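> Kindly generate the corresponding structure for this input.
(chains A and B)
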Amino acid sequence: MRYLPLTPDDRTAMLAAIGAGTIDDLFVDVPQPAQRDGFVDLPRVMGELEVERAMKALAARNTAAGDVPFFCGAGAYRHHVPATVDYVIQRSEFLTSYTPYQPEISQGTLQYLYEFQTQVANLTGMDVANASLYDGSTATAEGVLMATRVTRRNKAVFSGGVHPHYVRASETVVHAVGVETVSLPAAIDAEAAVIDAIDKDTACVVVQTPNVFGTATDVTKIAEAAKAAGALLIVVVTEAVSMGLLKSPGEMGADIVAAEGQSIGNALNYGGPYVGLFACRQSLIRQMPGRLCGETVDADGERGFVLTLSTREQHIRRDKATSNICTNSGLCCLAFSIHMSLLGETGLRKLALLNHEKALATRDALAAIPGVEVLTPRFFNEFAIRLSRPAADVVQALADHSILAGVPYSRLAPGIGMDDVLLVAATETTLDADITILAEALTRVLAA
Amino acid sequence: MSTMNTVGRPTAPTANDHDYKPPTLTGGRGLLQDEALIFESDGWGKTGVDLPEPKTDGSDLGALVRRDSIGLPGLSEPEAVRHYVRLSQKNHAIDLALYPLGSCTMKHNPRLNEKMARLSGFSDIHPLQPVSTVQGALELMDTLAHWLKTLTGMPAVAMSPKAGAHGELCGMMTIRAAHEASGQHAQRRKVLVPTSAHGTNPATAVFVGYQVVEVAQTDEGRVDIADLASKLGPDVAAIMVTNPNTCGLFERDIIEIARLTHEAGAYFYCDGANFNAIVGRVRPGDLGVDAMHINLHKTFSTPHGGGGPGAGPVVLSAALAPFAPAPWVVSDGDGFKLIEREEDEAAQAFGRLCAFNGQMGMFVRALSYMMSHGSDGLRQVAEDAVLNANYIKARLSDVMSAAFPEGPCMHEALFDDEWLKGTDITTLDFAKAMIDEGFHPMTMYFPLVVHGAMLIEPTETESKAELDRFIHALRLLALAARAGDVERFKGAPFHAPLRRLDETRAARSPKLRWTAPEGTNIAAE
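Down below sits the predicted model:
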């Protein structure tokens, strides 16, 4: 077996050094009924070539986004990632290291985490950010829990524009600790409606911009209303590139930002691994979940970085921790950070405009089709359209012609009267030819 | 004249030959450059990505457009590559040397797995594409699920948890949902956790709304079954036991523990962090486990990546399976389907844990790893992991003090600090001195039940020669400690990129981000 260095002679010599007769002597504590002779019923050792063949056969049965006209979004976006990113994250010292518990020999990881935290704080317009969470949806759930700790209140209000899977993932977790949730009805331009739902028990309001229908909203007034009621405003962002064009959550008064960072540096990966961005106001840091990297000095006075404020965390506080999280998205935040360093502010703003440009062009092409009504009034790189037929059927018909036309809203929330709504996203990877192919095919399918 | 060291290479001249060692003038150190933060570069306004000129200025968005300076420096590609490669050189890594962190299973990460995860048919597919266009991905998830179920002897697995702690959350929420369904949740409010448990166990139990009750440990490092039995009752929802446990020992009475637990109407949650010791040899299902998370980034070698991403699927018993969260994969005659709405197919599912389908990129790597080993190779993994740990224990027990000297350990060897008594050297000092010898320290001060604990997990991917190098280094250090060479330990590390860091200062006045020095205005540039 190519990954196992011990030879039979090594094993014999080592057993002798231990004073054991056979390997079975080292498993004597396993109770007899659980001792298994022979191998479990699975295939035997396989060479690299055979594994690669089997894997490629599976991969070939999937339609890769890059091979077809592609317009899916709804919380995961296809962007071009510079080759440098994937090269650097495969450096042994990044790929095969552990959580940086020994800072003297982990400064590489710690410094990029510190840079990542600064990039995320600046991108979101917030004071501080943590060293990442699993993804945007789990970050949202953690944000709600944090808000209940900060306000000592017990209710969260979700706007009807928050991604339904984010709402469901948050509800699942926060209901377990007894937090009450109110989810407002889905609507294209939904965010402002949360203001009326805020009351004295509200710990936080959760809004999303651009929301799941693509609608971009200035949430400043919501922030003011939340603040007046003693509640926190959590702003969810599922498309991180949008912050290169749109006003930042911080500028609009967010207290907590929970965002999906996949768009920058990370592939679609069928939904994971992604990278949850989590940022907040300075005054709230001691209630923050997840790992934090901070600056300090070493014994010689040299600047260095360490994981800090760990008294919030499970390995110190155990049953009194702010969260049970230990693993974050290390390598994915490195990918985010490298891509962001390559873009810089100049590149990010340009990238964001290119996304917006492609989405406008797609909107214009689709708006001209009989049976299509554009629903989203102002958007970044994604918008909703109403079709004259159920969106899921249309998407399937187009997929059968190798066009991935977008995400039917019914895939996220069926049976709420929005089965004719299709979410369409475009990015800098969208070609003009893709838009033409989509428009022509959609015209045919709707006319059929 | 050069002398020979123990591995037969000429050593460098000794300090007596050249004891003049000036500090460098730049802060550089041989191959290690002193690398500034990207924010301290001259990259304001620069970019390392060539993009076409946009045809829109975003003016259709009016007041929504961001006008402030964002504060993101840019680097050209050569500068970016240098920055990150320089940083990388300040990290220890499994590719450099043995990484004996107990409980973490730092094993070799096969590069085939990285290559497979990057096939565009896996990496470039969207979680909400029509399922007809991702049949290979669903089959991969289904195949991985089959391997996990077969290796654990369990009938079901929830695939979506994104890390071990997320898996624990999933498992405990499944247990809670089962008690709710049977109408017993109101009375079953306690979870029993041994004192030796990982911190995540009590943190998770509390997170899910339970009261944690600690169970004592015997002098030989195992669950005190009498204490457990006395605490089990109609108010207990579950026990959370790590097996092999955090002392590196197999819980001999595990079947009896499971029986007592079930007799009391509670469920048995097993922390699967240490599955590497028994994979392919012992099936947790045969021990009476009801739920167990599997850290794919430990046992199945998806890389740790400096702290993530991980993946933590949870295998479940038949009693718990109906309560597993969405989404999951099913197959019928027409191929594979993804069940995304818990209310559609199984009203008992407890909900959803994340937006999409779990850590697909990790699933590919884990399956590639499993297929490479096969059932025979995986059994050998467990046996070599246990052999390596026992070899270290045997070779170090005369100079250090094994916490539980009697009998074999499993895949990790646990020492206490008894042997350091009277030396004025602590476990921390000893660990920091290991850094100077080129090794990452072992897990320290965990488990909490052993004083000054040093938990060493070598894994199966270390050769005998590397184990011997490691043992040689630790023996020399142990002898130095006993000989009173205190400064070597108190001041360590001396040879790492940095000396010991002031963690107290970092926590007292947290500085969690770079800010422009007073009087500068980055926006102006």
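
> residues contacting B:Asn201?
Listed by CB atoms under 8 Å, 6 or more residues apart in numbering or on different chains, the contact partners of B:Asn201 are B:Glu168, B:Val193, B:Met240, B:Thr242, B:Asp271. The C-beta positions use only the backbone N, C-alpha and C, and glycine is treated the same way.

> looking at the sheet around the second one, what are its partners?
For B:Val193, the beta-bridge partners are B:Glu214 (DSSP bridges).

> Please, which helix or strand holds B:Met240?
Using DSSP states H and E, B:Met240 maps to strand B:236-242.

> Tell me which residues are up against that strand.
With contact meaning CB under 8 Å, 6+ apart, strand B:236-242 is reached by B:168, B:172, B:175-176, B:179, B:185, B:188-194, B:196-198, B:201, B:204-205, B:210, B:213, B:215, B:223, B:228, B:232, B:251, B:254, B:257, B:261, B:264-271, B:273-274, B:290.

> which of these are buried?
Burial by neighbour count, 16 or more other CB atoms under 10 Å in any protein chain shown: within these this picks out B:168, B:172, B:175-176, B:179, B:185, B:188, B:190-194, B:196-198, B:201, B:204-205, B:210, B:213, B:215, B:223, B:228, B:232, B:251, B:254, B:257, B:261, B:264-271, B:273-274, B:290.

> returning to what we had before: in the sheet, which strands lie alongside the strand holding B:Met240, parallel or antiparallel?
strand B:190-194 (parallel), strand B:267-271 (parallel).

> how about those in JSON lines, adding distance to B:Ser59 and mean pLDDT?
Formatted as JSON lines, the strands paired with strand B:236-242 follow (distance: least, CB to CB, whole Å; pLDDT from 0 to 100):
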{"stretch": "strand B:190-194", "distance to B:Ser59": "58", "mean pLDDT": "96"}
{"stretch": "strand B:267-271", "distance to B:Ser59": "56", "mean pLDDT": "96"}
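
> Contact partners for the residue in the stretch 101-250 of chain A positioned nearest to chain B?
Of all residues in the stretch 101-250 of chain A, A:Thr172 sits closest to chain B, at 3.0 Å by CB to the nearest CB. Applying CB under 8 Å, 6+ apart, we find A:Thr172 in contact with A:Ala141, B:Met173, B:Pro325, B:Phe350, B:Gly351, B:Arg352, B:Leu353.

> how does it look with 10 Å?
By CB atoms under 10 Å, 6 or more residues apart in numbering or on different chains, the contact list for A:Thr172 reads A:141, B:169-170, B:173, B:325-326, B:342, B:349-354.

> Out of those residues, which is nearest to B:Glu114?
B:Cys354 (23.2 Å; CB to CB).

> Would you mind naming the helix or strand containing the closest one?
Judged by DSSP H and E, B:Cys354 forms part of no helix or strand.

> what does A:Ala279 give?
Using DSSP H and E, A:Ala279 sits within strand A:276-280.

> what helices or strands is that strand leaning on?
Applying 3 or more CB pairs under 10 Å, 6 or more residues apart in numbering or on different chains; DSSP states H and E, one finds that strand A:276-280 makes contact with helix A:107-124, strand A:128-129, helix A:136-151, strand A:232-237, strand A:256-260, helix A:330-367.

> just to revisit the earlier point, figure out which of the strands paired with strand B:236-242 is closest to A:Thr436.
Nearest to A:Thr436, of all the strands paired with strand B:236-242, is strand B:267-271, at 54.8 Å by CB to CB.

> Give the rounded mean pLDDT of the next helix or strand after the closest one.
Heading C-terminal from strand B:267-271, the first helix or strand you meet, by DSSP H and E, is strand B:291-293. For strand B:291-293, the mean per-residue pLDDT is 98.

> So what are the sheet partners of strand B:291-293 and their directions?
strand B:267-271 (parallel), strand B:314-316 (antiparallel).

> Pull the contacting residues for A:Gly19.
Here A:Gly19 is in contact with A:Asp25, B:Asn390, B:Ala394, B:Pro408 (criterion: CB under 10 Å, 6+ apart).

> Beta-bridge partners for the nearest residue to A:Leu366 once chain neighbours are set aside, please?
Residue nearest to A:Leu366 in three dimensions, not counting chain neighbours: A:Val372, with 5.2 Å by CB to CB, 6 or more residues apart in numbering or on different chains. With DSSP bridges applied, A:Val372 shows beta-bridge pairing to A:Leu387.

> check contacts around A:Val372.
Counted by CB under 10 Å, 6+ apart, A:Val372 has contacts A:363, A:365-366, A:385-388, A:422, A:424, A:439, A:442-443, A:446.

> Same check on B:Leu98?
Contacts of B:Leu98 (CB under 10 Å, 6+ apart): B:106, B:388, B:392, B:438-440, B:442, B:456-459, B:461-463, B:466-467, B:469-470, B:473.

> Of those, which qualify as buried by neighbour count?
By neighbour count, with 16+ other CB under 10 Å, the contacts of B:Leu98 hold B:106, B:388, B:392, B:438-440, B:442, B:456-459, B:461-462, B:467, B:469-470, B:473 as buried.

> Of the residues you listed, which are in range of chain A?
Filtering these for proximity to chain A by CB under 10 Å from any CB of the partner chain leaves B:Met106, B:Asn388, B:Ile392, B:Gly438, B:Phe439, B:His440, B:Thr461, B:Glu462, B:Leu467.

> circling back: going by distance to chain A, which of the contacts of B:Asn201 wins?
Using CB to the nearest CB, B:Glu168 is the member of those that lies nearest chain A, at 6.7 Å.

> Tell me the spacing between the most centrally placed residue in chain B and A:Pro100.
Centroid check for chain B by CA atoms, centre = their mean gives B:Cys104 as the closest residue, at 4.6 Å. The gap separating B:Cys104 from A:Pro100 is 13 Å, by CB to CB, to the nearest Å.
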